[in-house]
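Q: How does the following fold in three dimensions:
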Amino acid sequence: MKKTTCTLPHPEILAEITEPLLRWYHAQETERALPWREEVTPYHTWLSEIMLQQTRASAVIPYYHRFLEALPDIKALAACDDELLMKLWQGLGYYSRARNLKKAAIEITAQYDGQMPADFQKLLALPGIGRYTASAIGSIAFGLPLPAVDGNILRVVMRVLACREDIAKDTTKRAAEAALAPHYPEGHEAGALNQAFMDLGATVCLPHGTPHCESCPLARLCLAHDAGCEQELPIKIIKKKRRVEKLTVLVLRQGKNIALHKRPAQGLLAGLWEFPNVSGHLSAEEVTEKLKAHGLTPIRIQKLPDAKHIFSHVEWQMQAFRIFLEETADASVAEHTDELVWASPQELADIYSIPSAFQYFLEHI
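A: Numbering: from 1, shown residues only. I've put the predicted structure just below:
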């Protein structure tokens, strides 16, 4: 029978976490200064939390500044052009995050006059906002006593309690949330406690390698540290292997212009621009035949170094060719290529959003 609930061992220890963790956090607050913590608003908190999903804080900072410069408030985000949105997000990956940001901004503008609601359930109802993000916004921006249970909190809690429940399961996350909730303060300290957990997980209670237990404010409470099993925890069972897909990427040049193709509106990297590509690893001869069949005449083909890109559920193993095409008299493209857009180097830099999977090949243009 499928397990629907779980109970964390030694939950009484969690009552002792708050005071030392907050004291540690406030003592080193200036050492981990981050722009979204300097001017706290619901929009800034929301944007930063979405950007920080699957992305390191140091990598997010320049994107955060650039995004706010272009779209300073929720109403501006709701009204922005999709191409601009994708260009601002280029390089951050997981582009559905950006699309959901805009969808949520449109709802917030329509329902709440551009102001985020200070209510957990209303936040949770917005596109792209799950329990963690709703709790983070609620606690940091509005002072609500909500544990924002992410990988950092789970890792710290599982180690402190020496708990061997699988953190990949929702039941474990909900159990941690329920166990922590009674110990959360209200007001500014609610957000500070969540950020303390985040910082502790990012700098001390590390996910890989040896955690810095000698620097941890919770070491005296930590049952895993006491038992010497810190590196065995937390338990995370990965059930599904990534699917491997082989692609041949075509960097097509006609004069100075580069061919781009827009991906379908649904699915992986939906609606983004990519270099044309075909399934499988093709030889130069096979690529030439395919291009000729579409009215394009290669005059020179160069093999580029192979590349690999890993998504959450699929791995792309890519080989690529840089292909110089015969120019037509008016420097436009040949017939039968209606699905391609030919972009100048300046347009590539300023307009078209190329996802990270294809960024490697931009170096060879």
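Q: what sits against Tyr184?
A: Thr18, Ser139, Pro145, Leu146, Pro147, Ala190, Leu193 (CB atoms under 8 Å, 6 or more residues apart in numbering). Where C-beta positions appear, they are placed from N, C-alpha and C, glycine not excepted.
Q: That one and Ala190, how far apart?
A: Relative to Ala190, Tyr184 is positioned 6 Å away (CB to CB, to the nearest Å).
Q: hmm, back to that, among the contacts of Tyr184, which one lies nearest to Thr55?
A: When those are compared for distance to Thr55 (CB to CB), Ser139 wins out at 20.7 Å.
Q: ok, now which ones touch the closest one?
A: Residues near Ser139 by CB under 8 Å, 6+ apart: Pro145, Leu146, Pro147, Ala148, Tyr184, Ala190, Gly191, Leu193, Asn194.
Q: The fourth one is in what secondary structure piece?
A: Going back to what we said before, that points to Ala148. Assigning secondary structure by DSSP states H and E places Ala148 outside every helix and strand.
Q: Return the residues in contact with it.
A: Remark: with contacts taken as CB under 8 Å, 6+ apart, Ala148 is in contact with Tyr132, Thr133, Ser135, Ala136, Ser139, Asn194, Phe197.
Q: now with 10 Å?
A: Shown here is Ala148, whose contacts under the criterion CB atoms under 10 Å, 6 or more residues apart in numbering are 49, 131-140, 177, 180, 184, 190-191, 193-195, 197-198.
Q: and those residues, which are buried?
A: The neighbour count (16 or more other CB atoms under 10 Å) marks 49, 131-140, 177, 180, 184, 190-191, 193-195, 197-198 as buried among those.
Q: Narrow the contacts of Tyr184 to those in helices?
A: In helices, judged by DSSP state H, the following of the contacts of Tyr184 are found: Thr18, Ser139, Ala190, Leu193.
Q: Now do Thr337, the pLDDT please.
A: Thr337 is assigned 49 on the pLDDT scale.
Q: where are the low-confidence patches of this structure?
A: Within the chain, the set of residues satisfying pLDDT under 70 comprises 1-4, 328-338, 365.
Q: can you map out the strands along it?
A: For the chain, the strands defined by DSSP state E cover 243-254, 257-262, 273-274, 277-279, 298-310, 314-325, 340-343.
Q: Closest to His10 out of the contacts of Tyr184?
A: Of all those, Thr18 has the smallest distance to His10: 15.9 Å, by CB to CB.
Q: Now do the same contact list for Tyr43.
A: Here Tyr43 is in contact with 36, 68, 71-77, 105, 108, 114-116, 137, 141 (CB under 10 Å, 6+ apart).
Q: which other residues reach stretch 224-238?
A: In contact with stretch 224-238 (CB under 10 Å, 6+ apart) are residues 151, 154-169, 172, 205-211, 213-214, 216, 218-220, 222-223.
Q: one step back: turn the contacts of Ser139 into JSON lines, including distance to Gly91.
A: Compiled in JSON lines, these are given as follows (distance: CB to CB, whole Å):
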{"residue": "Pro145", "distance to Gly91": "36"}
{"residue": "Leu146", "distance to Gly91": "31"}
{"residue": "Pro147", "distance to Gly91": "31"}
{"residue": "Ala148", "distance to Gly91": "26"}
{"residue": "Tyr184", "distance to Gly91": "35"}
{"residue": "Ala190", "distance to Gly91": "33"}
{"residue": "Gly191", "distance to Gly91": "28"}
{"residue": "Leu193", "distance to Gly91": "32"}
{"residue": "Asn194", "distance to Gly91": "27"}
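Q: Tell me the one of those residues nearest Tyr95?
A: The shortest gap between Tyr95 and any of the contacts of Ser139 belongs to Ala148, at 23.4 Å (CB to CB).
Q: so how many other residues sit close to Arg220?
A: Using other CB atoms under 10 Å, Arg220 is surrounded by 10 other residues.
Q: who's in contact with it?
A: Residues counted as contacts of Arg220 (CB under 10 Å, 6+ apart) are Glu16, Pro20, Asp226.
Q: Next, it: phi, psi?
A: The phi/psi pair for Arg220 (degrees, to the nearest 10) reads phi -70, psi -20.
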